[in-house]
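J.: need a structure here:
(one chain, ligands or ions: 3)
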Amino acid sequence: MKTLIKNGTVVNATGTAVADVLIDGETIAAVLEPGSRLLGFDIEGNVDTVIDAAGKYVIPGGIDAHTHMEMPFGGTFASDTFETGTRAAAHGGTTSIVDFIVQYPDQNIIDQYNAWHEKAGGNCAIDYGFHQILSDVQESSLTAMDELIDEGVTSFKLFMAYKGVFLSDDGQILRAFQKGAQNGAMMMMHAENGAVIDVLVRQAIEAGNTSPYYHGLTRPWQAEEEATHRAIMIADLTGAPLYVVHVSAKQAVEQIAAARDRGLNVFGETCPQYLYLSLEEQLGAPGFEGAKWVCSTPLRSREEGHQNHMWHSLRTNDLQMVSTDHCPFCMKDQKEMGKGDFSKIPNGIGGVEHRMDLMYQGVVDGQISLARWVELTSTTPARMFGMYGKKGVIQPGADADVVIYDPNGHTSIGLGKTHHMNMDYSAYEGFEIDGHVDTVLSRGRVIVDGDEYLGRKGDGQYIKRGLTQYLS
Ligand code: URP
Ligand code: ZN
Ligand code: ZN
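T.: Ligands and ions are numbered 1, 2, ... in the order given. Down below sits the predicted model:
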């Protein structure tokens, strides 16, 4: 099966050019001047399908490197399965995800790895890889890290918060980082001071401050900055590369920037919710509404300027990536568990379907360039997590994961069912995007055409990732 995408503006992280993209089977075969002939052959007359992309952008499929499909968390499960979540991702122009395998303290890591294959295998519409969560670092965890790297799980997330659930103490973090420094793993950190947060939460509840707004107030930026600094110090001590997930506080970014200025392999990810949403407007919504936006790290104060600082840091490369931290819960029966006690609201926001659009709006608004859009959402995720070459770029030899994006199209994120995620609301309800995902190809097959889904569950393949390709 051969496909020609003709006359589009190909956007890579390195820049843009009007070009034809020839796809042979699952792979990009050539990127050519429009109308070129190949060894004298008329290409257009010798392919099975021609897609005219004139006036549209042709970009490498989005890679969302932070998702939690069907995650057991907060007394319930994230509401998207691998099937529903990857289908929604496809609609939004994302063609690969990297999901987190969960290990709770008493669970065997390799069993969990196998369990995640069971859940995802045969169900995904797009390609998928895994990170591993380590919640209780023992000698056996360190051995498992080596084993998992051989299986393509080359990044490990630890937590400085959620005592008794995920939290690792500093000694455990040190041991895991020492292992990462040895075996080349990327160490990922949920950087919030859990002990401080736990006391603030208890005090708030005892004082009768139980609404979702207090979720934000009890996880202050100081707790994020302190933990980010501590994680950086442990990374420096051990020599392990460090990737700080879901950064929301400008002070935490400053810690990352300072470490990078010193030449350390320290990286930071933010998410659309920290660019667009805020403590005052969303978490502070009347009644229990704010529960929709309870996630950790929390939404930050717009008055304090965190959102602007996140955009700025994406331009200066003090932050390198945008993922969603897709962890959806419905209001009904899930978020509702925290009525009368915000600490019982399951933490997480869904957004896997909206990331490419929301970040494109950043291009329209003049926050980032077109090339940077692609770099933040596809190319750097591929390089950061050992997929580049196959993923994250439109070039010969790469997987034909391609999105045709219409800058003259429009996307309204409306109430309920204008999205495909398994959520009874959208965190971005009312957002209007000046662009539209028109066509999505996953390894050469059209899986979304207009708003029509043509994908098949089970067509997504496991991505056996290599080590990070992003170290300085
Ligand atoms: O609130 C969040 N972020 N939920 C998902 C789990 C995590 O910490 O990433
Ligand atoms: Zn986290
Ligand atoms: Zn997460």
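J.: where does the stretch 201-350 of the chain have low pLDDT?
T.: Within the stretch 201-350 of the chain, no stretch has pLDDT under 70.
J.: can you pull out the strands in it?
T.: Applying DSSP state E, counting those that start in this stretch to the stretch 201-350 of the chain gives strands spanning 242-244, 266-270, 321-322.
J.: what strands line up against the shortest one, and which way round?
T.: Pointing back at strand 321-322 there. strand 266-270 (parallel) (DSSP bridges).
J.: ok, is the strand it pairs with in contact with ligand 1 or not?
T.: No: contact between strand 266-270 and ligand 1 is absent, the nearest approach being 10.5 Å (criterion: C-beta under 6 Å from any ligand atom). (C-beta placed from N, C-alpha, C; glycine too.)
J.: distance from that strand to the middle of the chain?
T.: 11 Å (C-alpha atoms, centre = their mean, to the nearest Å).
J.: what's next to that strand, contact-wise?
T.: For strand 266-270, the surrounding residues in contact (C-beta atoms under 8 Å, 6 or more residues apart in numbering) are 65-66, 232, 235, 241-248, 252-253, 256, 259-260, 310, 313-314, 318-323, 384, 470.
J.: PyMOL command for the buried members of the residues you listed?
T.: Here is the PyMOL selection string for the buried members of those, based on 16 or more other C-beta atoms under 10 Å:
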select buried, resi 65+66+232+235+241+242+243+244+245+246+247+248+252+253+256+259+260+310+313+314+318+319+320+321+322+323+384+470
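J.: and ligand 1, which of the contacts of strand 266-270 reach it?
T.: Here is what survives when the contacts of strand 266-270 are matched to ligand 1 using C-beta under 6 Å from any ligand atom: H246.
J.: narrow the contacts of strand 266-270 to those in helices?
T.: I232, A235, A252, V253, I256, A259, R260, M310, S313, L314, M384 (DSSP state H).
J.: just give me the neighbour total for G25.
T.: Neighbour count of G25, defined by other C-beta atoms under 10 Å: 12.
J.: show me what contacts T238?
T.: L174, F177, Q178, G180, A181.
J.: tell me how far the first one lies from G305.
T.: Same thing as L174. 34 Å (C-beta to C-beta, to the nearest Å).
J.: the more surrounded of the two?
T.: Between L174 and G305, counting by other C-beta under 10 Å, L174 is the more crowded of the two (17 against 12).
J.: check which helix or strand covers that one.
T.: helix 170-183 (DSSP states H and E).
J.: so what's L158 closest to, chain neighbours aside?
T.: Nearest residue to L158, sequence neighbours excluded (C-beta to C-beta, 6 or more residues apart in numbering): S168, at 4.9 Å.
J.: what does the helix holding L174 rub up against?
T.: 134, 136-137, 141-142, 145-146, 149, 156, 158, 160, 168, 185-187, 189, 230-231, 234-235, 237-242.
J.: for the helix or strand just after it, the averaged confidence score.
T.: Heading C-terminal from helix 170-183, the first helix or strand you meet, by DSSP H and E, is strand 186-190. The pLDDT scores in strand 186-190 average 98.
J.: for the residue nearest the centre of the chain, what are its contacts?
T.: Centroid-nearest residue in the chain, with C-alpha atoms, centre = their mean: S323, separated by 2.5 Å. Shown in contact with S323 (C-beta under 8 Å, 6+ apart): D64, A65, H66, T67, V245, H246, E269, C271, R355, P381.
J.: how about the helices in the stretch 251-400 of the chain?
T.: Counting by DSSP state H, counting those that start in this stretch, the stretch 251-400 of the chain has helices at residues 272-276, 306-316, 355-364, 370-374, 380-384.
J.: for the stretch 201-350 of the chain, what lies in contact range of ligand 1?
T.: H246, C295, S296, D325, C327, N347, G348.
J.: residue contacts, the residue in the stretch 351-472 of the chain that ligand 1 sits nearest to?
T.: Proximity of the stretch 351-472 of the chain to ligand 1 (C-beta to the nearest ligand atom) peaks at G351, 11.2 Å away. When contacts are counted by C-beta under 8 Å, 6+ apart, G351 touches C271, P272, Q273, T324, D325, H326, L358, A427, Y428.
J.: just to revisit the earlier point, so which of the helices of the stretch 251-400 of the chain is nearest W116?
T.: Proximity to W116 (C-beta to C-beta) singles out helix 380-384 among the helices of the stretch 251-400 of the chain, at 19.0 Å.
J.: ok, residues contacting that closest one?
T.: Residues from elsewhere that reach helix 380-384, judged by C-beta under 8 Å, 6+ apart: 13, 60, 63-65, 98, 186, 243, 267, 320-321, 323, 387-393, 468-470.
J.: mind running it again at 7 Å?
T.: Contacting residues not belonging to helix 380-384 are listed as I63, A65, Y243, F267, Q320, M321, Y388, K391, G392, T468, Q469, Y470 [C-beta atoms under 7 Å, 6 or more residues apart in numbering].
J.: now the last one: phi and psi?
T.: Note on Y470: its backbone torsions stand at phi -110, psi 0 [degrees, to the nearest 10].
J.: pLDDT at it, what is it?
T.: For Y470, the predicted pLDDT is 98.
J.: now do it against N265, distance only.
T.: In terms of C-beta to C-beta, Y470 sits 8 Å off from N265.
J.: verify the stated contact: W116 with V102.
T.: No: W116 is not in contact with V102 according to C-beta atoms under 7 Å; the separation is 8.1 Å.
J.: tell me which of these two has more neighbours.
T.: Using other C-beta under 10 Å as the criterion, W116 and V102 rank with W116 on top: 22 against 19.
J.: quick check: the more buried one is in a helix.
T.: Yes: according to DSSP: H, G, I helix; E, B strand; the rest coil, W116 belongs to a helix.
J.: and the closest residue to E254 other than its chain neighbours, what does it touch?
T.: Spatial nearest neighbour of E254, excluding adjacent residues (C-beta to C-beta, 6+ apart): E225 at 7.7 Å. Going by C-beta under 7 Å, 6+ apart, E225 touches A249, Q251, A252, Q255.
J.: having no further points to raise, I will conclude here.
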